[in-house]
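> The amino acid sequence is not available; the structure is as follows:
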């Protein structure tokens, strides 16, 4: 298609072929036709995804053979793709037919836009917003908040704006950004990698945007309050890695001190009070990991 940029759509599948198929059905209805779609199966142990290739012959199913994590799987997709733009999208989402045009048109017009996320609404209630941009990551607690989270979609968040980070559930990235800063930092495995990548793009001179002219529906539920040990481990490990890679000097020392001397005892006590020993072990495991691997993390920081 002449003068219409090629968009490479990349999604990760892990033991959720039926969920991924629902995303693919919505992608099949996109009015933007110049696209290629990669489904990266991250070594699904009990759910054979081969039927996806049969039912959706226009996709490229890539089987990694092992779980490479969010960043590792997406990086495989990057290596296979040819698009001028790369759309990274969670498999537990669905998109409306006109989803891609506003994102591509905006990035074509805004030359310094490196990464853009659309408005994200909850699939179970499309009147509720999950994401309308991110606040700044706090220096010491290393947490941010999704703007508009759980707010009614009344039009309050309908203006395109710069944002402090993009959302891993849906983000479109210019090919030239990847060529300049490299692929996603895969030492995270899960959580915080998109925030780190976004900061790398900002340091390279690009801008991050929230564009509500496009939206997706995300099936993640606000009711999943209980933390699994897997999430506890990777979320806290990711936060510590992000701290080492994206803070400097006194700010980094104070942040690390805060997390070890305030967060660690406080949250350990909470887990003990609840007698939640699996999450307590996962939490300590994250902190022990950073103690054993901080030199490796700092070395990669110097290279990024």
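Arrived safely, thanks for sending. Computed from a prediction, not measured in an experiment: that's the story for all the values here.

> Three-state assignment for residue 114, please.
The three-state label given to residue 114 by DSSP: H, G, I helix; E, B strand; the rest coil is strand.

> And for it, the neighbour number?
Applying other Cβ atoms under 10 Å, we find 27 other residues in the vicinity of residue 114. Just so you know, the C-beta spots here come from the backbone N, C-alpha and C atoms, and that holds for glycine as well.

> which one is it nearest to, not counting chain neighbours?
Take residue 114 and drop its neighbours on the chain: the residue closest to it by Cβ to Cβ, 6 or more residues apart in numbering is residue 206, 2.7 Å away.

> mind checking which helix or strand residue 77 is in?
Secondary-structure element containing residue 77, defined by DSSP states H and E: helix 69-80.

> Could you list the low-pLDDT ranges of the protein?
The model of the chain has pLDDT under 70 over residues 1-2, 221-226, 302-304.

> again, 90 this time
Judged against pLDDT under 90, the low-scoring parts of the chain cover residues 1-3, 138-141, 186, 189-190, 220-228, 247-252, 294-304.

> Is the residue nearest to residue 114 in contact with residue 113, as I believe?
Yes. With contacts counted by Cβ atoms under 8 Å, residue 206 reaches residue 113, the gap being 7.1 Å.

> joint contacts of those two?
Here residue 206 and residue 113 have residue 174 as joint contacts, going by Cβ atoms under 8 Å, 6 or more residues apart in numbering.

> got the contact list for the residue nearest to residue 114?
With contacts defined as Cβ under 8 Å, 6+ apart, residue 206 is in contact with 112-115, 174, 177.

> quick one: it from residue 289, how far?
Relative to residue 289, residue 206 is positioned 31 Å away (criterion: Cβ to Cβ, to the nearest Å).

> cool, and residue 82?
Here residue 82 is placed at a distance of 36 Å from residue 289 (Cβ to Cβ).

> One more: residue 212?
When Cβ to Cβ is applied, the distance between residue 212 and residue 289 equals 38 Å.

> Report all helices and strands that the longest strand along the chain contacts.
Scanning the chain for the strand with the most residues, using DSSP state E, yields strand 207-218. Secondary-structure packing of strand 207-218 (3 or more Cβ pairs under 8 Å, 6 or more residues apart in numbering; DSSP states H and E): strand 93-94, helix 100-109, strand 113-122, strand 125-131, strand 161-162, helix 193-203.

> May I see the buried residues of it?
Of the residues in strand 207-218, those buried under the neighbour-count criterion (16 or more other Cβ atoms under 10 Å) are 208-218.

> same question, stretch 292-304
Using 16+ other Cβ under 10 Å as the burial criterion, the residues of stretch 292-304 that qualify are 297, 301.

> which residues are in contact with that stretch?
For stretch 292-304, the surrounding residues in contact (Cβ under 8 Å, 6+ apart) are 181-182, 185, 187, 200, 241, 244-245, 290.

> Buried ones among these?
Buried residues within the contacts of stretch 292-304, defined by neighbour count using 16+ other Cβ under 10 Å: 181, 185, 187, 200, 241, 244-245, 290.

> which one of those sits closest to residue 4?
When the buried ones among the contacts of stretch 292-304 are compared for distance to residue 4, the smallest value, 25.6 Å, is given by residue 181; criterion: Cβ to Cβ.

> any idea how far that closest one lies from residue 70?
If you go by Cβ to Cβ, the gap between residue 181 and residue 70 works out to 17 Å.

> can you list the domains in this protein?
Per the record's domain assignment (automatic domain parsing), the chain is made up of the domains 7-218, 229-303.

> Tell me which of those is the most buried.
Each of the domains of the chain was given a mean neighbour count from mean count of other Cβ atoms under 10 Å, and the largest, a mean of 18, is that of domain 7-218.

> now the end-to-end length of it.
Terminal residues of domain 7-218 lie 21 Å apart, using Cα to Cα, to the nearest Å.

> Kindly report the same for stretch 26-34.
Between the opening and closing residues of stretch 26-34 there is a gap of 15 Å (Cα to Cα).

> which residues of this structure fall in strands?
Secondary structure of the chain, counting by DSSP E: strands at 7-13, 35-41, 59-63, 85-89, 93-94, 113-122, 125-131, 161-162, 170-174, 207-218.

> just so I know, which of those lies nearest residue 149?
Counting by Cβ to Cβ, residue 149 lies closest to strand 125-131 out of these; the figure is 6.3 Å.

> Next, the angle strand 207-218 makes with that closest one.
150 degrees (axes from the mean of the first three to the mean of the last three Cα atoms, to 10 degrees).
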